[in-house]
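In: predicted structure and sequence below. I'll ask about it afterward.
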Amino acid sequence: MTGDALTRDANHTPNRLRLAVVDMVGTTITDDGRTERAMSRALLEHGIEPGSGRFESMLGYARDTMGFSKMTVFGHLFEDPAVAASANKVFEQAYDDMIADGGVHAIPGAEDAILWMRESGMQVCLATGFGRHTQNMVLESLGWMGLADLSLCPADAGRGRPYPDMILTAVLALDLDDVREVAVVGDTSSDMLSGVRSGASLVAGVLTGSHSEATLRAAGATVVVESIKELPLLVEKREAGRL
Ligand SMILES: O=C(O)COP(=O)(O)O
């Protein structure tokens, strides 16, 4: 590449999006509150009285930090690392039990949106705050193994959200040239902040999950839509230079 071409490339934001890093719970799947119920079970089994002020404030923290690595959340809630690891284990076991009967469902239009992106030449990475075991259980229960090009959990990348590690890991693993070719899609403030921190040029919030439009925008969403269903339209607008 010549000097001129390099300068042109540096100054030009690519219109073409080549990778979507898409969140799971609240964005592509719904578990009807099972994440929160499994968190409650883990708190209860570690001596936190349901309904107590301590229980409510711990659950409030878990809600505010939806999308963070679950292990990190428990590490914040319990000072003793052994107790945190044990609570995370209870959470994973409880969640397994709660989804064994098929308790997770695709958000309407999610599968079509992922297939549309892949057919249009984009790559797709499904990213989560769950551990690898839970992520696999969810993907298997939906028959989604292989639906995306890649699936990542915090341990695959280093840190979970709100850090950009999973997005940057996907950029490297899928061999992109430029972080500006990435779209990040999610339902939580931590999804949005991780997207901004990664340098992704489209950071799209959806309203099918945990956080409100105001919260998503405050965390850096460049656009907020009702659901992932609208993603193909966003990609088309972006390629036409209208976003
Ligand atoms: O609730 C969580 O943190 C796990 O779900 P996620 O797939 O939305 O990250």
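Out: Perfect, I can see it now.
In: switch to C-alpha atoms for all contacts and neighbour counts from now on
Out: Noted.
In: helix/strand/coil for the closest residue to Gly26 other than its chain neighbours?
Out: Among residues not flanking Gly26 along the chain, Gly209 sits closest, at 3.8 Å (C-alpha to C-alpha, 6 or more residues apart in numbering). Look at Gly209: counting by DSSP: H, G, I helix; E, B strand; the rest coil, its state is coil.
In: likewise for Val124?
Out: Note that with three-state DSSP, the state of Val124 is strand.
In: show me what contacts it?
Out: 19-22, 114, 117-118, 148-150 (C-alpha atoms under 8 Å, 6 or more residues apart in numbering).
In: go on, Ala84?
Out: Applying C-alpha under 8 Å, 6+ apart, the residues near Ala84 are 71, 74-75, 77-78.
In: please identify the helix or strand for it.
Out: Assigned by DSSP states H and E, Ala84 belongs to helix 81-99.
In: hang on, the earlier thing: of the contacts of Val124, closest to Glu181?
Out: Comparing those against Glu181 with C-alpha to C-alpha places Leu19 closest, at 6.5 Å.
In: contact residues of the chain facing the ligand?
Out: For the chain, the residues in contact with the ligand (C-alpha under 6 Å from any ligand atom) are 23-26, 35, 66-68, 128-130.
In: 5 Å - rerun?
Out: Residues of the chain found near the ligand (C-alpha under 5 Å from any ligand atom) are 24-25, 66-67, 128-130.
In: the residues you listed into CSV, with extra columns for neighbour count?
Out: Shown next, in CSV, are those (neighbours: other C-alpha atoms under 10 Å):
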residue, neighbour count
Met24, 26
Val25, 29
Met66, 27
Gly67, 27
Thr128, 28
Gly129, 30
Phe130, 25
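In: farthest-apart pair in the residues you listed, please.
Out: Met24 and Met66 (11.3 Å).
In: hmm, back to that, and the residue nearest to Gly26, what does it touch?
Out: 25-27, 30, 187-188.
In: phi, psi of it?
Out: Per-residue torsions, Gly209: phi -130, psi -130 (degrees, to the nearest 10).
In: neighbours around Ala240, how many?
Out: For Ala240, the count of nearby residues is 11 (other C-alpha atoms under 10 Å).
In: and stretch 149-165, what's buried?
Out: Across stretch 149-165, burial judged by 16 or more other C-alpha atoms under 10 Å covers 150-155, 157, 159-165.
In: and that stretch, how far out from the chain middle?
Out: Distance, stretch centre to chain centre, for stretch 149-165: 9 Å (C-alpha atoms, centre = their mean, to the nearest Å).
In: how long is that stretch from one end to the other?
Out: 17 Å (C-alpha to C-alpha, to the nearest Å).
In: please compute how far stretch 24-42 lies from its chain's middle.
Out: Per C-alpha atoms, centre = their mean, the centroid offset for stretch 24-42 relative to its chain is 13 Å.
In: list the buried residues of the helix holding Ala84.
Out: Using 16+ other C-alpha under 10 Å as the test for burial, helix 81-99 gives 84-88, 90-96, 98-99.
In: just checking, what packs against whichever helix or strand comes after it?
Out: As assigned by DSSP H and E, the chain's next helix or strand after helix 81-99 is strand 105-106. Applying 3 or more C-alpha pairs under 8 Å, 6 or more residues apart in numbering; DSSP states H and E, one finds that strand 105-106 contacts strand 29-30.
In: which is the next helix or strand following the strand it packs on?
Out: Downstream of strand 29-30, the first helix or strand assigned by DSSP H and E is helix 34-44.
In: closest to the ligand among the contacts of Ala84?
Out: Nearest to the ligand among the contacts of Ala84 is Met71, at 9.8 Å by C-alpha to the nearest ligand atom.
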